[in-house]
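[1] what would the 3D arrangement of this be:
(one chain, ligands or ions: 2)
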Amino acid sequence: MLCTNLLTGNYIPNRYLHDRVVNRHCYVIAFVTLRRLLGYEGLEVINPDGGEEDAQEEAKKGRWKQEDRDSYWKMMHKYIGSDVTSMVTLPVIIFEPMTMLQRMAEILEYADLLNKADECNDPYLKMVYATSWAVSIYFAYQRTWKPFNPILGETFEMTNHEGISFISEQVSHHPPMSCGHAENEHFMYDVTSKLRTKYLGNSLDVYPVGRTRVTLKKTGEVLDLVPPPTKVNNLIFGRTWLDSPGEMVMSNLMTGDKAVLYFHPCGWFGSGRYEVDGYVYNKDEEPKLLMTGKWNSSLSYQPCDMEGEPLPGTELKEVWRVADVPENDKFQYTYFAHKLNSFDTAPQKLLSSDSRLRPDRCALEQGNLSKAGVEKTRLEERQRAEKNHREATKQEFTPKWFQLTGEITSTPWGDMEIYEYNGKYAEYRMEVEASPSAADIDDKNLDFNPWQFEESQIRGA
Ligand SMILES: *[C@@H]1O[C@H](CO)[C@@H](O)[C@H](O)[C@H]1NC(C)=O
Ligand SMILES: *[C@@H]1O[C@H](CO)[C@@H](O)[C@H](O)[C@H]1NC(C)=O
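    Ligands and ions are numbered 1, 2, ... in the order given. As a prediction, the model looks like this:
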């Protein structure tokens, strides 16, 4: 018997249904309200490795000194229920030295899985590779620091990895929207992202409003990815941790094949934590391959029958395993995250709007928090002055590397306007590479300049 998820219309094979119901239940009752403890309404503290009693101990832990914690809580509690994506001025202590534009490139760490998907002739195994690529980023994304919001017009370029040329750009400030485009000989990756959040006191729901598409070059197949939402737990009280309970759906828009993976919620004493399983279905919604693993370590697949049971005589094969990470890294960075912040992945003649050059990001990387805070405020003020000047002179902001299409896409968390890559970045890179002076420029000394206007034009605005 197969059951249907009423929201998505996907079939849920029986063997996962039991697990799912049991785990959800545990998750809900593992919440402990801190009302008794601290006099705060509706705060939930969850120790992912513990039970109900452990939550009270957990509440005393975390990254804050008590007086900082209490003043932060005082500032934040009035935002409960709101979208804090761009609303509040947050202190740099919760930031990591990276921006959202860099994070868009971070998903390309395991791009070799997309190369394999492109080369693969088995339509279902192809979906296994592509879906494993989509899962592979969650290990790196469990970092508990917030990336910087990009400044309007800011960009990030990446090269020297799997033959990829990558460009991302902040195309809108309110609401914050970022676009990215990557390409190598095997695939194109196109993303428009307009994250929405809901602040819940001690946790934050992050809704991945956006559109992520991969085009495989050999066949022209387009794969569309809908990831699960993410929950940041224990933001203020307790040690912060993330999980992304829910469904990930990867659809092949040409063939109708689909992979549906279920990210288990973390139950009591860590049960179900990191677990992911699901199936690749053909266009008639018959399961063909099962996938199982943990998003923090590895994923495997195996052929299955119509009931979703493994086919006799077949075995589970590993398709992805997470790479080693640096020990005791200050920001829980992977080696690849470090590379993204370095000039090893920067092309010749970097654009001066690049995230690497942001003075607040650089100061935070060097461990100078007070400087990072001052620089962040300075950038935010300049951005406001630009906006005022733009409005006063009735000018518009036009992205350089992407353009608005008339298309609106709907996601489970809201509708979104789609931007598309306009092709100009490839032309620009060709010109740069043809120019003999390109190699002589020392990009590290460039001033960060994502601005539309000269400083003198907006002075006094
Ligand atoms: C993933 O989580 C499990 C606990 O479920 C842990 O034993 C394992 O070491 C983790 N893997 C990595 C690479 O951190
Ligand atoms: C941080 O930066 C400021 C301003 O550039 C500088 O005066 C100060 O010495 C720096 N502090 C540290 C610890 O490097």
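[2] near ligand 1, which residues of the stretch 201-350 of the chain are found?
    Contact residues (CB under 6 Å from any ligand atom) of the stretch 201-350 of the chain with ligand 1: Arg273, Tyr274, Lys294, Asn296, Ser297, Val322. Where C-beta positions appear, they are placed from N, C-alpha and C, glycine not excepted.
[3] next, count neighbours for the residue in the stretch 51-200 of the chain that ligand 2 sits nearest to.
    Residue nearest to ligand 2 within the stretch 51-200 of the chain: Val92 (12.2 Å; CB to the nearest ligand atom). Residues within reach of Val92, counting by other CB atoms under 10 Å, total 23.
[4] the closest residue to Asn422 other than its chain neighbours and ligand 1, how far apart?
    Closest residue to Asn422 apart from its sequence neighbours, by CB to CB, 6 or more residues apart in numbering: Gln403 at 4.7 Å. Note on Gln403: its distance to ligand 1, by CB to the nearest ligand atom, to the nearest Å, is 41 Å.
[5] kindly report the same for Trp451.
    Here Trp451 is placed at a distance of 41 Å from ligand 1 (CB to the nearest ligand atom).
[6] Ile46: what secondary structure?
    Counting by DSSP: H, G, I helix; E, B strand; the rest coil, the backbone at Ile46 sits in coil.
[7] ok, and the closest non-adjacent residue to it?
    Excluding the flanking residues, the one nearest Ile46 by CB to CB, 6+ apart is Asn233, at 5.2 Å.
[8] near ligand 2, which residues of the protein show up?
    Asn368, Ser370, Lys371.
[9] dump the residues you listed to TSV, plus neighbour count and pLDDT.
    Shown next, in TSV, are the residues of the chain next to ligand 2 (neighbours: other CB atoms under 10 Å; pLDDT from 0 to 100):
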residue	neighbour count	pLDDT
Asn368	15	96
Ser370	9	95
Lys371	16	97
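[10] so which of these would count as near ligand 1 as well?
    Within those, nothing lies near ligand 1 by CB under 6 Å from any ligand atom.
[11] from those residues, which land in helices?
    Judged by DSSP state H, helices contain the following of the residues of the chain next to ligand 2: Ser370, Lys371.
[12] show me the helices in the stretch 251-400 of the chain, by range?
    Using DSSP state H, counting those that start in this stretch, the helices of the stretch 251-400 of the chain run over residues 335-341, 359-365, 369-392.
[13] with respect to burial, which of the ones you listed scores highest?
    For the helices of the stretch 251-400 of the chain, the largest average neighbour count (mean count of other CB atoms under 10 Å) is found in helix 359-365, namely a mean of 21.
[14] show me the shaky parts of this structure.
    1-42, 52-53, 87-89, 438-442, 460-461 (pLDDT under 70).
[15] mind naming the longest strand for it?
    Once the chain is assigned using DSSP state E, the strand that runs over the most residues is strand 402-411.
[16] what does the helix or strand that it is followed by contact?
    Sequence-wise, the next helix or strand beyond strand 402-411 is strand 414-421, with elements assigned using DSSP states H and E. By CB atoms under 8 Å, 6 or more residues apart in numbering, the list of residues contacting strand 414-421 from outside reads 167, 171, 177, 179, 181, 190, 192, 194, 196, 207, 209-211, 399, 401-405, 407-410.
[17] can you rerun that using 6 Å?
    The contact list for strand 414-421 (CB atoms under 6 Å, 6 or more residues apart in numbering) reads Val171, Cys179, His181, Thr192, Lys194, Val209, Phe402, Leu404, Thr405, Glu407, Ile408, Thr409.
[18] for Gly62, phi and psi?
    The phi/psi pair for Gly62 (degrees, to the nearest 10) reads phi 130, psi -180.
[19] measure it to Tyr333 for me?
    Per CB to CB, to the nearest Å, Gly62 is found 20 Å from Tyr333.
[20] not counting sequence-adjacent ones, nearest residue to Trp133?
    With CB to CB, 6+ apart as the criterion, Trp133 has its nearest non-adjacent residue at 3.9 Å, and that residue is Leu113.
[21] helices or strands up against the host helix or strand of the one you found?
    Assigned by DSSP H and E, Leu113 falls within helix 112-119. Packed against helix 112-119 by the contact rule (3 or more CB pairs under 6 Å, 6 or more residues apart in numbering; DSSP states H and E) you find helix 123-136.
[22] now with 10 Å, please.
    Helix 112-119 makes packing contacts with helix 123-136, strand 187-193, strand 210-216, strand 317-321 when contacts are defined by 3 or more CB pairs under 10 Å, 6 or more residues apart in numbering; DSSP states H and E.
[23] just those: most buried one?
    helix 123-136 (a mean of 24).
[24] what angle separates that one from helix 112-119?
    Helix 123-136 runs at 160 degrees relative to helix 112-119, counting by axes from the mean of the first three to the mean of the last three CA atoms, to 10 degrees.
[25] check contacts around the residue nearest to Trp133.
    Contacts of Leu113 were listed using CB atoms under 10 Å, 6 or more residues apart in numbering, and they are Val128, Tyr129, Ala130, Thr131, Ser132, Trp133, Ala134, Val135, Ser136, Leu299, Val319, Trp320.
[26] kindly recompute the last result at 8 Å.
    Tyr129, Ala130, Ser132, Trp133, Ser136, Val319, Trp320.
[27] can you report how many residues neighbour the residue nearest to Lys283 when sequence neighbours are not counted?
    Leaving out its chain neighbours, the residue that sits closest to Lys283 by CB to CB, 6+ apart is Gly256, at 3.1 Å. If you count neighbours by other CB under 10 Å, Gly256 ends up with 12.
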